[in-house]
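Enquirer: predicted model and sequence below, questions to follow.
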Number of protein chains: 2
Amino acid sequence: MFAPPVQDLIDELAKLPGIGRKTAQRLAFHLLKIDAAAAKKLANSIVVMKDTVRFCPKCFNFSADNLCEYCSDPRRDDTIVCVVEEAPDIVSVEKTGEFRGRYHVLGGAISPIDGIGPDDLHLQELLGRISTDGVREVIVATNPNVEGEATAMYLARLLVPVGVKVTRIASGLPVGGDLEYADEVTLGRALQGRRELGV
Amino acid sequence: MFAPPVQDLIDELAKLPGIGRKTAQRLAFHLLKIDAAAAKKLANSIVVMKDTVRFCPKCFNFSADNLCEYCSDPRRDDTIVCVVEEAPDIVSVEKTGEFRGRYHVLGGAISPIDGIGPDDLHLQELLGRISTDGVREVIVATNPNVEGEATAMYLARLLVPVGVKVTRIASGLPVGGDLEYADEVTLGRALQGRRELGV
C-alpha cells in the first residue's frame, strides 16, 4: 500500500509499546512531512543512546558512565537503600526530594502469571550490597499492586533474618484527592496507616 | 534527572504529535531495554525513509520514485481524479477497491482559523492536470467536517465553470452502525442522501 521505506518505518514504529498501527502511520507521516534534519535528530538520538547508555553494575539503574549518578555520588547515605521495580521509578522518588540514600533496581516484580520469579530479579546483588555496604534499612518502593506487594513480602522474608530493617512506602489517599472518589481498598489502607497528630 | 543521552531521546520523542512527556519516557525506556540492533533498526528506517521518499510532482502523494505508484500505473483511468486532503487518505480509498482513477493530494483543507486558504493547497496543479489529462470528473473525498466541506464547495465553484463534473463522497450512517447511536447531523445527511431501491 505505502512505498516500502514508509511501510518499513510504520512496521518499526508499531513494535513500540502502546503504539498501534494507526498511531504508527500518523507518526510516520509526521516524520515524512517535517524537514530531514529534525527527523534524523530523532534517529541519531536513538543511536547515541544505545551506544552510550548501559546498566549500572551496582544498582542496575541506567548509566552513561560505569557507576550511575546515584551510586557514584559520595554525599549519599550508603546505609539506606530504596528498592524499585524499574529504573524510571528512581526519577519519581528523586523528585520528592525526601530521599538521600542509594537505589536498587529489581528489574520487575514477582509475578507467577507472567512467569517472573525471585530468580529473575536482582536480589542476589541486593544481598551482596547489604553485607558489603553496611545497609541498615531497605525501603521497598515497588508498585502498590498485587505483584509489588508480593515482592515486598518476599523482600521482608529475605532481609529481616539478615538483620536489616525493611520498610514499605505508605498506601493511602493521594494528596488533593477526594474521599468520595477513593476506592475502598485505598481508603482501607489509609485507615490502617493512620497516624496520630501532635498538638 | 536522566543521563543526558536518555533525556535527549525523551526530548526528541516528545516532539512527535500525540506523544506527551510520560509516553516519551516510556518509549525511551523501552528502547533502552531492547537489544541495540532492534533499536537501531528503527533509527535506520527513519533515515532511509527521509533519504528516499519524496512528494510525487504530479499528485503530491509520497513516492520513492519520481512519479508515485498511482500516477505511473498505465492501467488507471486518467479522466477521473479523486481529491483528498492528505496522502494517507489515498490508502483508505484504495482499500475500498472501488476506485481505479487517479489521485490528487491537496495538502490540507481550507481553514481560515488555522490560516489555511486556497493558495496553500495544490489547486493550481489540479487545474493544470484537468486541462492536460482530459479529466471529466473530480470526486472530492475531503473529510466530512467543516473544513473538508468548505474545501469541497470551493472546488465545485472552481471546477464546474471549467466544465468538469464535481462529485462529493456520501455522508451517512457507517455500515454496521446503529440508528439509536447516530448523531442527528449524520442521520440528517443520511436522509438527504437517501436512494431509491430497485426491485
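Expert: Nice, I can see it.

Enquirer: only C-alpha atoms from now on, for both contacts and neighbour counts.
Expert: Will do.

Enquirer: and residue A:139, helix, strand or coil?
Expert: Three-state assignment for residue A:139 (DSSP: H, G, I helix; E, B strand; the rest coil): strand.

Enquirer: roughly how far does it sit from residue B:128?
Expert: 72 Å (CA to CA, to the nearest Å).

Enquirer: more neighbours, those two?
Expert: Set residue A:139 next to residue B:128 and count neighbours by other CA atoms under 10 Å in any protein chain shown: residue A:139 wins out with 19 against 11.

Enquirer: my guess is the more buried one contacts residue A:83, does it?
Expert: Yes - if you go by CA atoms under 8 Å, residue A:139 and residue A:83 touch, sitting 6.0 Å apart.

Enquirer: residue A:165: neighbouring residues, count only.
Expert: Residue A:165 has 15 nearby residues by other CA under 10 Å.

Enquirer: quick check: nearest residue in space to it, chain neighbours excluded?
Expert: residue A:137 (4.6 Å; CA to CA, 6 or more residues apart in numbering or on different chains).

Enquirer: enumerate every residue touching that neighbour.
Expert: By CA atoms under 8 Å, 6 or more residues apart in numbering or on different chains, the residues touching residue A:137 are A:79-81, A:164-167.

Enquirer: what about the residue of chain A found nearest chain B, how many residues nearby?
Expert: Residue of chain A nearest chain B, by CA to the nearest CA: residue A:43 (4.1 Å). Residue A:43 sits with 23 neighbouring residues when counted by other CA under 10 Å.

Enquirer: other SSEs contacting whatever helix or strand it lives in?
Expert: Assigned by DSSP states H and E, residue A:43 belongs to helix A:36-52. Applying 3 or more CA pairs under 8 Å, 6 or more residues apart in numbering or on different chains; DSSP states H and E, we find helix A:36-52 packed against helix B:4-14, helix B:21-33, helix B:36-52.

Enquirer: how is chain A divided into domains?
Expert: A:9-52, A:72-168 (automatic domain parsing).

Enquirer: against residue A:141, how distant is the residue nearest to the spatial centre of chain A?
Expert: In chain A, the centroid-proximal residue (CA atoms, centre = their mean) is residue A:86; its distance is 2.5 Å. Noted for residue A:86: a distance of 10 Å to residue A:141, by CA to CA.

Enquirer: in the helix or strand bottoming out on mean pLDDT in chain A, what counts as buried?
Expert: Comparing helices and strands within chain A by mean pLDDT, DSSP states H and E singles out helix A:184-192 as the least confident, with a mean of 82. Neighbour counts over helix A:184-192 (16 or more other CA atoms under 10 Å in any protein chain shown) mark A:186-187, A:190 as buried.

Enquirer: report the contact partners of residue A:106.
Expert: With CA under 8 Å, 6+ apart, residue A:106 has these contacts: A:60, A:83-86, A:121-123.

Enquirer: quick one, which of those are buried?
Expert: Buried among those by 16+ other CA under 10 Å: A:60, A:83-86, A:121-123.

Enquirer: and the pLDDT for residue A:199?
Expert: Listed pLDDT for residue A:199 reads 63.

Enquirer: over to residue A:106?
Expert: 96.
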